[in-house]
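1. Sequence and predicted structure, then a few things I'm wondering about:
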Amino acid sequence: MNPEAHVKILGHAFTVRDLLWQLVGFLGQGLFFSRFVVQWLASEKAGKSVIPVAFWYFSIVGGVITLVYAWWGEHSLPFAIGQVVGMFVYSRNLALIRREKQNGKNVPDTSGGGSQDA
């Protein structure tokens, strides 16, 4: 299939390449959104507001895919910079959790079964 071929959707013409980039964008946003579902389910299970470790992993994976979309799919520097800044925050939280775990403090597992106060 020619990546420059046009596909008409709801009256708008898109190239196949554009549609593939849109799918990458939706994948990144879907994974990024999933972090909220993970957090909500872990909080419901714990009976209080918690942020499971999986939240930060979904943040990083969704952020990386969204960064790829922002830079190569949309060519948007502000969008890309926003994703990079967020990834520093997510990575720092994982580093702090890892340090707590090494020091023997109570840290939740990635299943959301533990608790980490928000």
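-> Looks like it arrived, so ask away.
2. okay, CA-based contacts and neighbour counts for the rest of this
-> Noted.
3. hang on, F79 packs against A70?
-> Yes: in this structure F79 lies within contact range of A70 using C-alpha atoms under 8 Å: 5.7 Å.
4. Settle it for me: which of these two has more neighbours?
-> Between F79 and A70, A70 has the larger neighbour count (other C-alpha atoms under 10 Å), namely 23 against 15.
5. For that one, give me the pLDDT.
-> Listed pLDDT for A70 reads 92.
6. Could you tell me whether V7 really is in a strand?
-> Yes: residue state for V7 (DSSP: H, G, I helix; E, B strand; the rest coil) corresponds to a strand.
7. So it sits against R17, correct?
-> No: counting by C-alpha under 8 Å, V7 sits too far from R17 to count as a contact (10.1 Å).
8. CA atoms only: put the one helix or strand G62 maps to into CSV for me.
-> Assigned by DSSP states H and E, G62 belongs to helix 53-68. Once non-C-alpha atoms are left out, helix 53-68 reads as follows in CSV (Å, rounded to 0.1, in the frame of the first residue of the first chain):
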residue,chain,number,x,y,z
VAL,A,53,4.1,1.6,41.0
ALA,A,54,2.4,0.5,37.7
PHE,A,55,1.0,4.1,37.4
TRP,A,56,4.5,5.4,36.9
TYR,A,57,5.4,2.7,34.3
PHE,A,58,2.2,3.4,32.3
SER,A,59,3.2,7.1,32.5
ILE,A,60,6.6,6.5,31.1
VAL,A,61,5.5,4.1,28.3
GLY,A,62,2.5,6.3,27.3
GLY,A,63,4.8,9.4,27.5
VAL,A,64,7.5,7.9,25.3
ILE,A,65,5.0,6.8,22.6
THR,A,66,3.3,10.2,22.8
LEU,A,67,6.7,11.9,22.5
VAL,A,68,7.4,9.9,19.4
